[in-house]
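S.K.: Fold the following.
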Amino acid sequence: MPSLHLITAEDPLTLQARSRELIRFPQLTMPLLAGLTPPDWIVSHEDEIVTPVDTTRRYDLVGITAATPGAPHAYDLAREFRNHNVPVAMGGPHATLMPYEVAQHADIVVVGEAEPLWRHILRDEERRPPGMHAFHSGTVEVTPQNSRIYRHAAPASLEGLPRARRELIQHGGWNRWWATKGAIIATRGCPHKCDYCTIPHLYPRAQQMRLRPVPEVIAEIRSFRDKGVVFWDDNLAAVPAYAKELCRQLKPLKRWWTSQTTMNSLRDQEFLQLAAASGCKALFVGLESIDQQSLNQAQKGHNRVQDYRQLLNRCHDLGIAIQAGIIFGFENDDLDIFKRTVDIFGDIGLDNATISLLVPYPGTPAYTMLEQQGRIIDKNWRHYNGKTHVVFRPRHMSPDQLLNGYEWAKTQFYSISHIARRLAKSRTGLWWNIPRNLGYHLGLRGEVLARAALHQA
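M.R.: Numbering: from 1, shown residues only. Below is the predicted model of the structure:
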């Protein structure tokens, strides 16, 4: 039987930046791809958040998924395997954004969603040499390097989606106590087109939101041994009627769950009530900024700063905590933005935050604008992780000032005094909210000590 090894690649620089995170949910891409693989293939998986890749082993095919900051490391892995005549397929966000670059490092490039393509790719591999260069609703382009780029014209259907191979999800590190294998998708896509976001470019432009049949979602969740469920959706409640029906059918299962949505969903009181009744404990919401002009310029005007307090209180009243996405580096950001952000989110009782630097990913309007203005100063993809480097020249400060302000803000946000201030106002899910905040505090304290030791050396 042919062997397939799947790799969820993580660049060492990004891995180091994330190493002290207390809670990390498992990635679903490769376990789902394994579920799409015919049973006559032997499938294995390595997730670099948990374990490094052993490039000495031999397989009939290696598949690698990587986001932009993980691309150079994925190229290194691919080179090691290809040097021993092991063919490599690469997909994921960076392969979709930069397929011709990726084709210089891999035998096979998967652009966009894998569901309509994967069985064709495996069939081509079994033919050796591949004989298929076109198939129903799809094409294969052969590059000058003799690599094959697979594209599919139509969006993937989520009906009848095979279940992810959960036995391939690995536990490890700090994640062991908090881990859940209950990761799942119910929808795909997002109707918004924020200018820094890659989602509009990862799927066909004409695509509408895709919805997995609710009974299929519920049946898969019933099979979970874990009580916790993580919906890996970009915007779970983008279609309100669907989200509400999903909540109604979730309620009898008595699970707790979390997902990602937008401020538009928080304005829907019926959705929030149904979500809370069905076991929703937390929602990730990309608030991004406390500056309305920055939000408007980034095509995220559906966020209204004046509503933050009211909507947060509405969620807290129902027992739903909010993990906000916060980004520094927007066009209107000045040196005052860091303190104002920390003060405002402390004042309204924000539960948690994922704080990042603005990353202008290739192919996005943000990257195009900055490139045209000559403000991209770093094209090393490893640095496009939103944590360790500023890769462009901000409008109202220097790159160093942006990096230093970002590091100050996240350290202040997770200081003991600020945690106490925020959670005294929130009083939501304290049994897990306090440990999670303390985990961030300890992790950031370790970062500060490490930077100080490096500076002294």
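
S.K.: and the end-to-end length of stretch 276-284?
M.R.: 14 Å (Cα to Cα, to the nearest Å).

S.K.: Next: stretch 194-210.
M.R.: End-to-end distance for stretch 194-210, by Cα to Cα: 19 Å.

S.K.: now it: mean pLDDT?
M.R.: For stretch 194-210, mean pLDDT is 79.

S.K.: Number the residues from 863 up from this point.
M.R.: Shifting the count to begin at 863 puts that one at stretch 1056-1072.

S.K.: Just the buried positions in that stretch, please.
M.R.: 1056-1066, 1069, 1071-1072 (16 or more other Cβ atoms under 10 Å). Any C-beta I mention is one placed from the backbone N, CA and C, and that applies to glycine too.

S.K.: Could you list which of those residues belong to helices?
M.R.: Among the buried residues of stretch 1056-1072, the members falling in helices (DSSP state H) are 1061-1064.

S.K.: Next SSE downstream of the lowest-mean-pLDDT helix or strand in the chain?
M.R.: Across the helices and strands of the chain, mean confidence by mean pLDDT, DSSP states H and E is lowest for helix 1037-1040: a mean of 40. Using DSSP states H and E, the helix or strand that follows helix 1037-1040 in sequence is strand 1045-1046.

S.K.: domains in the protein, as residue ranges please.
M.R.: 865-1014, 1042-1314 (automatic domain parsing).

S.K.: where's the shortest one relative to the chain centroid, distance-wise?
M.R.: The reference is to domain 865-1014. 17 Å (Cα atoms, centre = their mean, to the nearest Å).

S.K.: distance between the ends of it?
M.R.: Span of domain 865-1014 from end to end, Cα to Cα: 25 Å.

S.K.: So for that domain, mean pLDDT?
M.R.: 87.

S.K.: Please name the residues that touch Lys1055.
M.R.: 1062, 1161 (Cβ atoms under 8 Å, 6 or more residues apart in numbering).

S.K.: before we move on, which element is His867 in?
M.R.: Per DSSP H and E, His867 falls inside strand 865-870.

S.K.: Could I get the buried residue list for that strand?
M.R.: For strand 865-870, by 16+ other Cβ under 10 Å, it's 866-870.

S.K.: of all those residues, which comes closest to Pro961?
M.R.: Ile869 (18.6 Å; Cβ to Cβ).

S.K.: where does the stretch 1163-1312 of the chain dip in pLDDT?
M.R.: For the stretch 1163-1312 of the chain, applying pLDDT under 70 flags the ranges 1308-1312.

S.K.: What segments of it are helices?
M.R.: Using DSSP state H, counting those that start in this stretch, the helices found in the stretch 1163-1312 of the chain span residues 1170-1179, 1199-1210, 1227-1234, 1261-1275, 1278-1288, 1292-1318.

S.K.: so which of these comes closest to Leu890?
M.R.: helix 1292-1318 (21.3 Å).

S.K.: which element follows the strand holding His867 toward the C-terminus?
M.R.: helix 874-880.

S.K.: Same list (the domains of the chain) but as CSV, adding distance to Leu1020.
M.R.: Below are the domains of the chain laid out as CSV (distance: least, Cβ to Cβ, whole Å):
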stretch, distance to Leu1020
domain 865-1014, 8
domain 1042-1314, 4
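
S.K.: Which one, of the ones you listed, ends up nearest to Leu1030?
M.R.: domain 865-1014 (4.0 Å).

S.K.: returning to that earlier point: and the domains of the chain: which comes nearest Arg1028?
M.R.: domain 1042-1314 (4.7 Å).

S.K.: For Asp1262, which non-adjacent residue is closest in space?
M.R.: In this structure, Asp1262 finds its nearest non-sequential neighbour in Val1252, 7.7 Å apart by Cβ to Cβ, 6 or more residues apart in numbering.

S.K.: What about Phe1207, how many residues nearby?
M.R.: A count of nearby residues for Phe1207, using other Cβ atoms under 10 Å, gives 24.

S.K.: what's near enough to touch it?
M.R.: 1152, 1186, 1188, 1215, 1275, 1284.

S.K.: Check the gap between the nearest residue to Glu1150 once chain neighbours are set aside and Thr1216 for me.
M.R.: Leaving out its chain neighbours, the residue that sits closest to Glu1150 by Cβ to Cβ, 6+ apart is Ile1189, at 4.8 Å. Shown here: Ile1189 relative to Thr1216, a distance of 9 Å by Cβ to Cβ, to the nearest Å.

S.K.: Could you do Ala1048 as well?
M.R.: Distance from Ala1048 to Thr1216, by Cβ to Cβ: 22 Å.

S.K.: same question, Gln889
M.R.: From Gln889 to Thr1216 the distance is 16 Å (Cβ to Cβ).

S.K.: Please enumerate the strands of the stretch 1063-1212 of the chain.
M.R.: 1072-1073, 1090-1093, 1118-1123, 1142-1150, 1183-1190 (DSSP state E, counting those that start in this stretch).

S.K.: between those, which gets nearest to Met1259?
M.R.: Of these, the one closest to Met1259 (Cβ to Cβ) turns out to be strand 1183-1190, at 9.8 Å.

S.K.: other SSEs contacting that closest one?
M.R.: Judged by 3 or more Cβ pairs under 8 Å, 6 or more residues apart in numbering; DSSP states H and E, strand 1183-1190 is in contact with strand 1142-1150, helix 1170-1179, helix 1199-1210, strand 1214-1219, helix 1261-1275.

S.K.: can you rerun that using 7 Å?
M.R.: Contacts defined by 3 or more Cβ pairs under 7 Å, 6 or more residues apart in numbering; DSSP states H and E place strand 1183-1190 against strand 1142-1150, helix 1199-1210, strand 1214-1219, helix 1261-1275.

S.K.: Same list (the ones you listed) but as JSON lines, adding distance to Leu1292.
M.R.: Formatted as JSON lines, the helices and strands packed on strand 1183-1190 follow (distance: least, Cβ to Cβ, whole Å):
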{"stretch": "strand 1142-1150", "distance to Leu1292": "12"}
{"stretch": "helix 1199-1210", "distance to Leu1292": "17"}
{"stretch": "strand 1214-1219", "distance to Leu1292": "12"}
{"stretch": "helix 1261-1275", "distance to Leu1292": "18"}
